[in-house]
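A.B. asks: What shape does this take:
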Amino acid sequence: MLRVVESGDVGARLDIFAAEFGGLTRNAVNKLIAAENVTVNGAKTKAGYRLRLGDKVHLRGPSVVALEIAPQALPLDIIYEDSELIVVNKPKGMVVHPAPGHAEGTLVNALLFHCGDSLSGINGVLRPGIVHRIDKDTSGLLVAAKTDRAHNALAKQFAERAILREYIAIVHGRPNPPDGTINAPLARHKINRKKMAVDPAGRAAITHYQTLESFGNFTLIQARLETGRTHQIRAHMAHIGHPVMADPVYSRAKQNFGLDGQALHAQTLGFTHTNGEKMRFEADPPPCFQKALNKIRP
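C.D. replies: Predicted structure coming up:
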């Protein structure tokens, strides 16, 4: 895979940049860099290299190895499926891919059972088919690739910010202005590594938000991602003083209205299929989201 560095990624570390557009863990990318499978302008480069405008980053993915993840017959809310890709509505509480403490019960376990060998192998053993992710307690739409061709095409669209990703969220307070854009780079919090924080040295992060409905001290918003950083909507809304309701990481308020985890739902997903067709999908929020919304409405 080849990516040309644009202005929003100037100054980013090579390993972080390559991990994001390649859909890999940073550890996996560092191994590829050490094996000279990640190059910049055709030359071997260190993981900490800071990218410059126009740099050409080429990544040769890991070899596919025998899967050690057990397929599991877990319920899947399939919105769309064909021979190249599958779109699912991930439930709240499900982890996307295996990680320490979550070896089973993940979306990958479910996809392996449902799709069998029909998942792209670009991500190697850990995350077959996974092109992007959403947080465990965020529900909503996610696309997975069945073929390497689809994986490369989708990864390219994510890197070029050509994917439509719209979320709805209940946030504390009333954003002022009610509609706006948050353009604030994000990086790992220097003390709490489980959080993201606005940092001038971080990676470009842009969120567009729009007020849908206000009631009391809460607001229902729509948030559209221009970039897709970890915890982006959660960190950005907290940064402007309106954290997502029931967010255990970014909100100090104890009111959760029956929710276990943030009131955030990936409602709309749009992309271009490998056949050139423009595709758009929508999914209603889960019942727990709607119940919480009903409780705070006048």
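A.B. asks: Count the neighbours of Lys278 for me.
C.D. replies: 9 (other CB atoms under 10 Å). Where C-beta positions appear, they are placed from N, C-alpha and C, glycine not excepted.
A.B. asks: wait, doesn't it sit right on Thr272?
C.D. replies: Yes: if you go by CB atoms under 8 Å, Lys278 and Thr272 touch, sitting 5.7 Å apart.
A.B. asks: so what's the most centrally placed residue in the chain closest to, chain neighbours aside?
C.D. replies: Centroid-nearest residue in the chain: Arg133, 3.9 Å away (criterion: CA atoms, centre = their mean). If the residues on either side of it in the chain are set aside, Arg133 comes closest to Val96, at 4.2 Å by CB to CB, 6 or more residues apart in numbering.
A.B. asks: and Ile16, helix, strand or coil?
C.D. replies: Assigned by DSSP: H, G, I helix; E, B strand; the rest coil, the conformation of Ile16 is helix.
A.B. asks: Run a quick check on it versus Ala204, I expect a contact.
C.D. replies: No: if you go by CB under 8 Å, Ile16 and Ala204 don't touch, sitting 11.9 Å apart.
A.B. asks: give the contact list for the residue nearest to the centre of the chain.
C.D. replies: 96-97, 142 (CB atoms under 8 Å, 6 or more residues apart in numbering).
A.B. asks: okay, who's weakest in the residues you listed by pLDDT?
C.D. replies: Note: of the contacts of Arg133, the lowest pLDDT belongs to His97, at 83.
A.B. asks: Torsion angles phi and psi at Ala283?
C.D. replies: phi -140, psi 130 (degrees, to the nearest 10).
A.B. asks: Surely it is in contact with Leu142?
C.D. replies: No: if you go by CB under 8 Å, Ala283 and Leu142 don't touch, sitting 10.0 Å apart.
A.B. asks: where does the stretch 1-150 of the chain dip in pLDDT?
C.D. replies: Segments of the stretch 1-150 of the chain classed as low confidence (criterion: pLDDT under 70) are 22-24, 61-68, 100, 122-127.
A.B. asks: mind listing the strands for it?
C.D. replies: Listed in chain order, the strands of the stretch 1-150 of the chain (DSSP state E, counting those that start in this stretch) span 2-4, 38-40, 43-44, 56-59, 78-81, 85-90, 139-145.
A.B. asks: Go through those and pick out the most buried.
C.D. replies: strand 139-145 (a mean of 25; mean count of other CB atoms under 10 Å).
A.B. asks: Who are the packing partners of that one?
C.D. replies: In terms of contacts (3 or more CB pairs under 8 Å, 6 or more residues apart in numbering; DSSP states H and E), strand 139-145 is packed against strand 85-90, helix 107-115, helix 148-159, strand 264-272.
A.B. asks: before we move on, which element is the residue lying closest to Lys190 once chain neighbours are set aside in?
C.D. replies: Leaving out its chain neighbours, the residue that sits closest to Lys190 by CB to CB, 6+ apart is Ala197, at 7.4 Å. Per DSSP states H and E, Ala197 falls inside strand 196-198.
A.B. asks: That strand: what's the following helix or strand?
C.D. replies: Scanning onward from strand 196-198 (DSSP H and E), the first element met is strand 206-215.
A.B. asks: residues contacting the spatially closest residue to Lys92 that is not a sequence neighbour?
C.D. replies: Nearest residue to Lys92, sequence neighbours excluded (CB to CB, 6+ apart): Ser139, at 4.2 Å. Counting by CB under 8 Å, 6+ apart, Ser139 makes contact with 89-92, 264-266, 285-286, 289.
A.B. asks: Which strand residues bridge Ser139?
C.D. replies: His265 (DSSP bridges).
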